[in-house]
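Engineer: Got a sequence here, can you model it:
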Amino acid sequence: MRKQKTGRVISDRMSNTIVVRVEERRLHPLYRKYIKQHFKFYADDPQEMAGSGDLVRIEECRPLSRLKRWRLVEIVEKAEG
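Structural biologist: Numbers count the residues shown, from 1 in each chain. As a prediction, the model looks like this:
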């Protein structure tokens, strides 16, 4: 099983590539308080289906370029407008 993450597309300006922002809540080890963290992942989108603001699921894959290590699996929810 490959890792999968769900996040919002924040950029679709590059050809065949989208930038996905994934937000997670983690427990701080010392203060025992939940902290929001976000990460940016570059994902492969060969058919260029995803647009900015869409909620998407991405999956880990082999390195495709210097930054791309993920690929688009499905569009969970399309953005309005």
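Engineer: Name whatever forms a beta bridge with the closest residue to residue 34 other than its chain neighbours.
Structural biologist: Nearest in space to residue 34, with sequence neighbours left out and distances taken as Cβ to Cβ, 6 or more residues apart in numbering, is residue 25 at 4.9 Å. In short, each C-beta sits where N, CA and C put it, glycine included. Under DSSP bridges, the beta-bridge partners of residue 25 are residue 36.
Engineer: ok, now residue 17?
Structural biologist: Listed by DSSP bridges, the beta-bridge partners for residue 17 are residue 44.
Engineer: In contact with the residue nearest to residue 34: list those residues for me.
Structural biologist: Contacts for residue 25 (Cβ atoms under 8 Å, 6 or more residues apart in numbering) come out as 34-37.
Engineer: Next, the contact list for the residue most central in space within the chain, please.
Structural biologist: When Cα atoms, centre = their mean is applied to the chain, the residue found nearest the centroid is residue 20 (3.2 Å). Going by Cβ under 8 Å, 6+ apart, residue 20 touches 5, 7-10, 40-43, 56, 58, 70.
Engineer: from the residues you listed, which ones fall inside strands?
Structural biologist: 5, 7-10, 40-43, 56, 58, 70 (DSSP state E).
Engineer: Report the buried members of those.
Structural biologist: 5, 7-9, 41-43, 56, 58, 70 (16 or more other Cβ atoms under 10 Å).
Engineer: mind listing what's buried in stretch 54-69?
Structural biologist: Within stretch 54-69, the residues scored as buried using 16+ other Cβ under 10 Å are 54-56, 58-59, 64, 68-69.
Engineer: That stretch: how far from the chain's middle?
Structural biologist: 8 Å (Cα atoms, centre = their mean, to the nearest Å).
Engineer: quick one: terminal-to-terminal distance for that stretch?
Structural biologist: End-to-end distance for stretch 54-69: 20 Å, by Cα to Cα, to the nearest Å.
Engineer: sorry, back to before: redo the buried residues of stretch 54-69 as CSV? Include pLDDT and distance to residue 15.
Structural biologist: Listed next are the buried residues of stretch 54-69 as CSV, based on pLDDT from 0 to 100; distance: Cβ to Cβ, whole Å:
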residue, pLDDT, distance to residue 15
54, 97, 17
55, 98, 22
56, 98, 17
58, 98, 17
59, 98, 20
64, 97, 13
68, 98, 12
69, 98, 18
